[in-house]
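Peer 1: Quick one, structure for this:
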Amino acid sequence: MPPLYNGTDVLVSEPQPSRPSQHRGGEKKSAEPRGLIDRIVDFLHPGPDSKSELMETLADAEQRELIEPESRQMLEGVLRMAELSAGDVMVAAPRMDLLDIEAPYEELLALVIDTGHSRFPVFEGQRENIIGILLAKDLLKIQRAPELNLRALLRPTIFVPESKGLNELLRDFRSNRNHLAIVIDEFGNTAGLITIEDVLEEIVGEIEDEFDDKNGQSGLYTLADGSQRVAGDTAIAAVNESFSVHLPEDEFDTIGGLVAHQHGRVPRRGEVVELAGLLFAVMLTRGGAVRWFKVTRAEAG
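Peer 2: As a prediction, this is how the structure comes out:
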């Protein structure tokens with residue numbers, strides 16, 4: 001039969017009845033052996049049916065040196081993060097470091113220096129009334145231009161529910177360029193805060209920054225108010241020498257381990273533990289351990 005034309009003068013060939021059946025027949029013949037091989041492979045080497053089995057598969061891949069230990073840890077972190085919410089990772093409200101909008105500049109600056117954070121929630125009147133976020137670098141602008149109004153330097157506050165998944169929260173952090181969010185409970189009250197660093201550390205582990213870096217030194221620093229900032233992994237012997245105390249060195253090597261043992265658990269940020277007449281206030285925790293203590297002497301009672 002001669003070629004056919006449609007209404008727009010485009011040549012249309014008449015379908016060949018034999019080709020579809022050959023093509024389908026070819027697909028059917030090639031699909032059967034492929035499916036059989038897949039079934040045999042699945043029978044001999046079944047894939048993981050649960051997240052725990054997938055974790056075991058990753059551990060086995062690391063043991064056989066198919067992936068690096070760091071890669072396995074990150075992959076496991078991604079899997080675990082999918083089950084976590086903002087409420088699981090947040091810093092609880094009582095341990096939040098906040099700035100009072102009515103506080104004098106010197107007081108605000110001292111708190112920024114002592115805590116070492118880069119962002120601070122700012123409240124007015126009561127701690128529940130958070131009116132914005134202040135970047136530490138923006139506070140320095142007032143030092144050069146005292147006529148600036150602190151309120152004008154505040155950034156908008158992002159509020160998220162405790163139930164918000166970390167996957168979704170990380171996506172929001174990346175899209176809106178905000179690195180800190182206030183977590184609220186089901187009644188709209190402040191439950192805590194969470195940062196993008198908190199979320200990322202669930203994947204990659206502890207992130208070291210300039211606040212963490214000891215540059216190979218002892219991990220003991222004198223703060224402006226005369227107290228000491230002490231790293232959690234500082235040797236107990238170094239603490240004994242610095243403060244002229246006699247903390248036991250037999251069972252634990254680091255001051256963080258000793259404090260956690262005496263406290264019964266790893267203390268949270270803002271908690272204070274007293275040992276040998278010293279007050280160990282937790283400044284920063286990472287990865288289930290205390291990174292920094294603020295150490296002062298207990299008042300003689």
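Peer 1: so the spatially most central residue of the chain is in which element?
Peer 2: For the chain, the residue sitting closest to the mean C-alpha position, by CA atoms, centre = their mean, is residue 198 at 1.9 Å. Per DSSP states H and E, residue 198 falls inside helix 196-204.
Peer 1: That helix: how far from the chain's middle?
Peer 2: 3 Å (CA atoms, centre = their mean, to the nearest Å).
Peer 1: same thing with stretch 241-252?
Peer 2: For stretch 241-252 - counting by CA atoms, centre = their mean - the centre lies 32 Å from the chain centre.
Peer 1: Straight-line length of that stretch, end to end?
Peer 2: Start and end residues of stretch 241-252 are separated by 16 Å (CA to CA, to the nearest Å).
Peer 1: any residues touching it, and which ones?
Peer 2: 220, 228, 236-237, 239-240, 255, 258, 261, 275-278, 295, 297 (CB atoms under 8 Å, 6 or more residues apart in numbering). The C-beta positions use only the backbone N, C-alpha and C, and glycine is treated the same way.
Peer 1: Kindly recompute the last result at 7 Å.
Peer 2: Residues outside stretch 241-252 that contact it (CB atoms under 7 Å, 6 or more residues apart in numbering): 220, 228, 236-237, 239-240, 258, 261, 275-278.
Peer 1: From those residues, which shows the smallest pLDDT?
Peer 2: When the contacts of stretch 241-252 are compared by pLDDT, residue 220 scores lowest at 82.
Peer 1: you'd agree that one is up against residue 238?
Peer 2: Yes. Using CB atoms under 7 Å, residue 220 is in contact with residue 238, at 6.5 Å.
Peer 1: picking that back up, from the contacts of stretch 241-252, which would you call buried?
Peer 2: Among those, the ones that count as buried by 16 or more other CB atoms under 10 Å are 220, 228, 236, 239-240, 258, 275, 278.
Peer 1: Out of those residues, the closest to residue 115 would be?
Peer 2: Nearest to residue 115 among those, counting by CB to CB, is residue 228 at 15.1 Å.
Peer 1: How about the closest one: which residues does it bridge to?
Peer 2: According to DSSP bridges, the residues that bridge with residue 228 are residue 222, residue 295.
Peer 1: Next up, the contacts around it.
Peer 2: Counting by CB under 7 Å, 6+ apart, the residues that residue 228 touches are 220-222, 242, 295.
Peer 1: Could you dump those into CSV with distance to residue 62 added?
Peer 2: As requested, the contacts of residue 228 are exported to CSV (distance: CB to CB, whole Å):
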residue, distance to residue 62
220, 37
221, 37
222, 43
242, 40
295, 39
